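K.L.:
Below are the sequence and a predicted model for it; my questions follow.
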Amino acid sequence: MALVVDLGSRFTGERHDYDEGVVVVMADPEDHEFCLVQYYRRRWPHRFRDERPADVVGLAGAASDVRAAAKARVRVVDDTSIARQTAHAYVDVLERRDWSGLAALLTDDVVYEMPQTRERIRGRDAFLRFNTEYPGDWHLRPRRVIADGRSAALLLDVHVGVEQQDACVWLETSDQGLISKIIDYWPEPYDPPPGREHLVQRW
């Protein structure tokens with residue numbers, strides 16, 4: 001809030017305290033009201049606790065509208081941050097073959113699915129064994145991670161030996177921020193059908 005005050009805004013004296021965070025009503029130099037939300041990180045996976053302080057999120061708009069949604073907004077932002085961080089950690093521990101770190105990110109009853117082969121693995125122990133026994137010198141690099149609420153989608157750059165492949169991963173997290181479901185999509189490249197050469201570019 002100090003930074004906002006330094007930029008010319010002022011505290012109106014209105015403050016709302018919730019279990020998830022604090023909402024304060026501010027006014028800019030032209031006396032337009034807005035809210036600042038400071039949320040407390042909760043249900044953070046244990047490997048990330050104490051890594052980052054609470055964030056301050058500015059919400060533009062009429063203060064009356066923001067007040068009504070502030071409590072729900074705090075919860076949504078927190079879940080999204082946890083899902084995004086967990087998604088990055090998932091790729092990181094896989095790349096480093098950190099199997100104890102992977103186990104710490106998963107629920108006991110995690111479900112792993114591969115739609116192309118119609119295979120499903122149930123349970124943390126089985127999924128860990130699947131990864132430890134997976135053949136080949138494979139490496140993962142996240143190209144894009146998008147999170148919303150308790151879910152995250154990843155676009156991965158995958159290398160197995162000298163071969164490169166794109167992969168998409170869908171993650172769902174639990175109330176505690178642990179991964180409860182994983183869906184891996186492994187699209188195979190193929191030549192396009194004839195008749196649309198005049199509309200497309202190939203790379």
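P.N.:
Alright, I've got the coordinates.
K.L.:
Mean confidence (pLDDT) on stretch 138-150, please.
P.N.:
Averaged over stretch 138-150, pLDDT sits at 91.
K.L.:
Show residues contacting that stretch.
P.N.:
The contact list for stretch 138-150 (C-beta atoms under 8 Å, 6 or more residues apart in numbering) reads 76, 79-84, 87-88, 91, 94-95, 152-160, 172-174. Every C-beta, even on glycine, is put in place using the N, C-alpha and C of the backbone.
K.L.:
give me that answer again for 6 Å
P.N.:
Applying C-beta atoms under 6 Å, 6 or more residues apart in numbering, the contact partners of stretch 138-150 are 79-80, 83-84, 87, 91, 94-95, 153-160, 173.
K.L.:
In strands only, show me those.
P.N.:
153-160, 173 (DSSP state E).
K.L.:
Give the residue spans of this structure that score low on pLDDT.
P.N.:
Within the chain, the stretches with pLDDT under 70 are 1-9, 17-24, 28, 30, 32-77.
K.L.:
Do you have the helices of it handy? List them.
P.N.:
Taking DSSP state H to define them, one finds helices in the chain at 2-6, 63-95, 99-105, 124-132.
K.L.:
quick one on the thing from earlier: filter the contacts of stretch 138-150 down to just the buried residues.
P.N.:
When the contacts of stretch 138-150 are checked for burial by 16 or more other C-beta atoms under 10 Å, the buried set is 79-80, 83-84, 87, 91, 94, 153-154, 156, 173.
K.L.:
Adding distance to A167, write those out as a markdown table.
P.N.:
Below are the buried ones among the contacts of stretch 138-150 laid out as a markdown table (distance: C-beta to C-beta, whole Å):
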| residue | distance to A167 |
| --- | --- |
| D79 | 25 |
| T80 | 22 |
| A83 | 18 |
| R84 | 18 |
| A87 | 13 |
| V91 | 10 |
| L94 | 11 |
| A153 | 11 |
| L154 | 8 |
| L156 | 4 |
| T173 | 19 |
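K.L.:
P194: which of these is nearest?
P.N.:
When those are compared for distance to P194 (C-beta to C-beta), L156 wins out at 30.9 Å.
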